[in-house]
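> pasting a predicted model and its sequence here:
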Amino acid sequence: MFTKFECKFSREELLEIYSRDGMTEKKMCSMVGCKSDITMRKILHENGIDTNNNKRLAYNKRGNRTDDEFKQYLITEYCEKRRSMTSIAKEMNVTWTTVSRYLDKYGIQKRTKSQQQSGKGSHTWKGGKRKKKNGYIEIYNPCHPNANSRNCVYEHQLVAEKKLGRYLMKGEVVHHIDFDKSNNNPDNLIVLTNNDHIKLHGLMRGGKTFEEAVKEVVPCTK
């Protein structure tokens with residue numbers, strides 16, 4: 001990788017020393033074996049390690065998490081566990097406004113004052129899951145992009161999205177194979193376009209079994 005200096009440390013080791021231990025380029029020289037901090041900075045850059053001090057401080061404040069890891073941390077703590085920005089900020093040793101800016105950065109919807117009183121902190125909280133009169137199960141998930149006015153998403157949609165590894169797209173619906181709306185086992189769910197879903201039900205009303213009918217439609221995925 002280098003013509004004049006071959007670094008004996010891997011990128012992960014350099015990242016550990018520089019970003020997590022907070023060692024300066026000058027102090028790293030003797031450890032790595034180069035003569036100047038300029039060479040050391042070049043080595044860090046060649047390994048994709050940013051030497052911007054502000055970015056390094058931000059990395060440390062995120063608990064040495066990457067952007068993706070820290071975003072997932074906020075979703076888990078703020079959205080799923082319902083922790084406050086103040087509580088998260090105290091753990092990170094930053095102000096709550098810093099946490100607020102991170103939520104904005106990652107597109108995580110903030111709770112309103114009324115929503116702060118709902119959910120896990122409310123006396124009506126029942127674990128965030130409930131069965132509706134229509135037979136479907138709802139999950140409290142205020143940070144989901146398709147959450148309804150009650151900050152909930154249907155469980156079968158969440159299960160299907162986890163199976164797909166992405167959010168459902170517009171025009172996609174989730175079909176329960178055994179017609180039990182509360183059976184949200186991944187093997188009992190199939191994602192279809194709205195048109196294919198209508199066609200599937202039409203074929204089954206005409207006497208075909210699910211196995212026969214599904215062969216005549218084109219599912220987006222299973």
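Received, thanks.
> any figure for the gap between the closest residue to residue 7 other than its chain neighbours and residue 30?
Counting by CB to CB, 6 or more residues apart in numbering, residue 43 is the residue found nearest to residue 7 once chain neighbours are left out, at 5.2 Å. C-beta here means a position set from N, CA and C on the backbone, and glycine is covered the same way. Relative to residue 30, residue 43 is positioned 13 Å away (CB to CB, to the nearest Å).
> the more surrounded of the two?
Per other CB atoms under 10 Å, whichever of residue 43 and residue 30 has more neighbours is residue 43, with 23 against 10.
> helix or strand for the more buried one, which one?
Element membership for residue 43 (DSSP states H and E) is helix 37-46.
> for the helix or strand encompassing residue 192, the distance to its chain's centre please.
Secondary-structure element containing residue 192, defined by DSSP H and E: strand 189-193. Computed by CA atoms, centre = their mean, to the nearest Å, the chain-centroid distance of strand 189-193 equals 22 Å.
> which element follows that strand toward the C-terminus?
Secondary structure here is assigned by DSSP H and E; on that basis, the next helix or strand after strand 189-193 toward the C-terminus is helix 194-205.
> send the alpha carbons of that next one over as CSV?
Only the C-alpha atoms of helix 194-205 are listed here, as CSV (Å, rounded to 0.1, in the frame of the first residue of the first chain):
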residue,chain,number,x,y,z
ASN,A,194,-52.1,-5.2,-4.5
ASN,A,195,-53.3,-6.5,-8.0
ASP,A,196,-51.8,-10.0,-7.4
HIS,A,197,-53.4,-10.1,-4.0
ILE,A,198,-56.9,-9.4,-5.5
LYS,A,199,-56.2,-12.0,-8.2
LEU,A,200,-55.2,-14.6,-5.5
HIS,A,201,-58.4,-14.1,-3.5
GLY,A,202,-60.5,-14.3,-6.7
LEU,A,203,-58.9,-17.6,-7.7
MET,A,204,-59.4,-19.0,-4.2
ARG,A,205,-63.1,-17.9,-4.2
